[in-house]
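Undergrad: sharing a sequence plus its predicted fold:
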Amino acid sequence: MTCHGLQGEGIEGTTFPKLAHLGAAYVANQLLAFRSKDRPDPAMQVITQGLTDSEITALADYISQLPPSSEIPKAQLSEKAIRGEDIAKNGLWDKGIPACFACHGPSGFGIGEIFPKITLQDKSYILQQLSDWKKDARKSDRMNLMRTIAGKLSTEEAEAVSAYLSAPSSQSQTYKTSVVKSFPDGEMGRIIRLGQEIFTHTQDNAKPYVGNDLQCVNCHLDRGRRPNSSPLGAAYGMYPAFRKKTNRVDTFQDRIAGCFQYSMNGKAPATDSEVMTALVTYSYWLAQGVPLGAKIEGQGYLSLPRPARKPSAVAGRLVFERSCSLCHGLDGQGQASEGKTVFPPLWGPRSFNWGAGMHKPDRAAGFIKANMPLGLANTLSNQEAWDVAVYMNSHERPPDPRSQDNVPNTKKDFHDSDACLYGTKVDGHVLGSQVTSSQ
């Protein structure tokens, strides 16, 4: 531990990182990458050449058990670090860059063997890694994810992110979205901010109404602002409107209530509740300047034409394993960090139910094509997006709250469409026949 400190605490002002608190699997992968010269560092490449696989495993296990160093975050952030905080927490979606914490955990403490802890490393080390990714000097990058993201960061943005991650303020540890300066003052501003917090961190701020592990922002990216992920500002002015799903004219409040019932597998907040008021007010604020009732580009989800070949769950599984499992896991159940779900489950008891719009492959395919994998939007072909959407929706999930006494009746009343897999047989199993509710 000559270079990294006796307890893996790193050396401030150098590119020798802190090792304590890194997971064993991640450390082992990095040592293997140094040994194969897929990760640059002449000294580490030489050191690892003589290590056997079993020695690498033992060393990684030892490092993972080192106690985290006592970390005293700075009370205040520099102007550059404040800019970095916004990027780390909210991303740069106009450049296709998701939030750093969207993959590395609510406070940047890492997830699993792929996404390491990134907070409170030295600024020099973070900058060096971003530079190595950008230059394609680090090869151990599944799906070229970090190379793509780092390549989109300007020098100033990389410096800002590094400044923040090297010393996040004590006030920032709860992963609250940063204050947007254009919010109004007074009670109106408070309610708008609350709406953004509920939307971004639904589990923390609207827990009584949520019945699964999802957040609103999982399907409406960039705090409900990203085009082709049903942005709130573009949706607000489209209501009241008749909806075939409910067979009536729905208000915007009705639409939000439905999201809680179906996508969140929970229950609707009362129309006069603070949660509903905050979400509607936040949506109203985002809709400023959008003509009432106007159809605008990026509204809703991308309408993706059906591919020439019929979408296949078999082909979709291959796409999922290659392009989706990194974040959502091979079992599709997502991943958590610090007790909070970071990558949501895509099926099963903690996912959206059969009444949610995303259970339809056409809706899911459009969302996937325009937004996934996170940070690599529009890299899947139309065929791949359709295939993986069919695969995702060929699994059980919680029942539609409108369910009738049996699957055929429910399908007839609510899912009688070629765009829905509910009630169809997959591998000998009728979808919808197995109750998986988390309620």
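TA: Yep, that arrived.
Undergrad: in the longest helix belonging to the chain, what's buried?
TA: Criterion DSSP state H: the longest helix present in the chain is helix 186-200. By 16 or more other CB atoms under 10 Å, the buried positions in helix 186-200 come out as Gly189, Ile191, Ile192, Arg193, Leu194, Gly195, Gln196, Glu197, Ile198, Phe199, Thr200. Quick note: C-beta positions are derived from backbone N, CA and C, even for glycine.
Undergrad: now these as a markdown table including pLDDT and distance to Phe260?
TA: Shown next, in a markdown table, are those (pLDDT from 0 to 100; distance: CB to CB, whole Å):
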| residue | pLDDT | distance to Phe260 |
| --- | --- | --- |
| Gly189 | 96 | 25 |
| Ile191 | 98 | 18 |
| Ile192 | 98 | 20 |
| Arg193 | 97 | 20 |
| Leu194 | 98 | 16 |
| Gly195 | 98 | 14 |
| Gln196 | 97 | 17 |
| Glu197 | 97 | 16 |
| Ile198 | 98 | 11 |
| Phe199 | 98 | 12 |
| Thr200 | 97 | 15 |
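Undergrad: okay, now the domains of this structure?
TA: Following automatic domain parsing, one finds the domains of the chain at 24-64, 79-172, 186-286, 313-430.
Undergrad: for Phe34, see how far away the residue of the chain positioned farthest from its centre is.
TA: The centre of the chain is farthest from one residue, Gly50, which by CA atoms, centre = their mean lies 38.9 Å away. When distance is defined by CB to CB, to the nearest Å, Gly50 is 12 Å away from Phe34.
Undergrad: and Gly237, by the same measure?
TA: Computed as CB to CB, the Gly237 to Phe34 distance reads 54 Å.
Undergrad: compare these two (neighbour count), which wins?
TA: Phe34 (23 against 18; other CB atoms under 10 Å).
Undergrad: what strand or helix carries that one?
TA: helix 24-35 (DSSP states H and E).
Undergrad: distance between the helix or strand following that helix and the chain's centre?
TA: Tracing the chain past helix 24-35, the next element assigned as helix or strand by DSSP H and E is helix 42-49. In terms of CA atoms, centre = their mean, to the nearest Å, the centre of helix 42-49 is set 35 Å apart from its chain centre.
Undergrad: convert the helix or strand just after helix 42-49 to PDB, retaining C-alpha atoms only.
TA: Sequence-wise, the next helix or strand downstream of helix 42-49 (DSSP H and E) is helix 53-64. C-alpha atoms of helix 53-64 as PDB (Å, rounded to 0.1, in the frame of the first residue of the first chain):
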ATOM      1  CA  ASP A  53      -6.000 -15.100 -10.700                       C
ATOM      2  CA  SER A  54      -6.300 -16.400  -7.100                       C
ATOM      3  CA  GLU A  55      -3.900 -13.700  -5.800                       C
ATOM      4  CA  ILE A  56      -5.900 -11.000  -7.500                       C
ATOM      5  CA  THR A  57      -9.100 -12.400  -5.900                       C
ATOM      6  CA  ALA A  58      -7.500 -12.500  -2.500                       C
ATOM      7  CA  LEU A  59      -6.100  -9.000  -2.900                       C
ATOM      8  CA  ALA A  60      -9.500  -7.600  -4.000                       C
ATOM      9  CA  ASP A  61     -11.200  -9.300  -1.000                       C
ATOM     10  CA  TYR A  62      -8.700  -7.700   1.300                       C
ATOM     11  CA  ILE A  63      -9.100  -4.200  -0.200                       C
ATOM     12  CA  SER A  64     -12.900  -4.400   0.000                       C
END
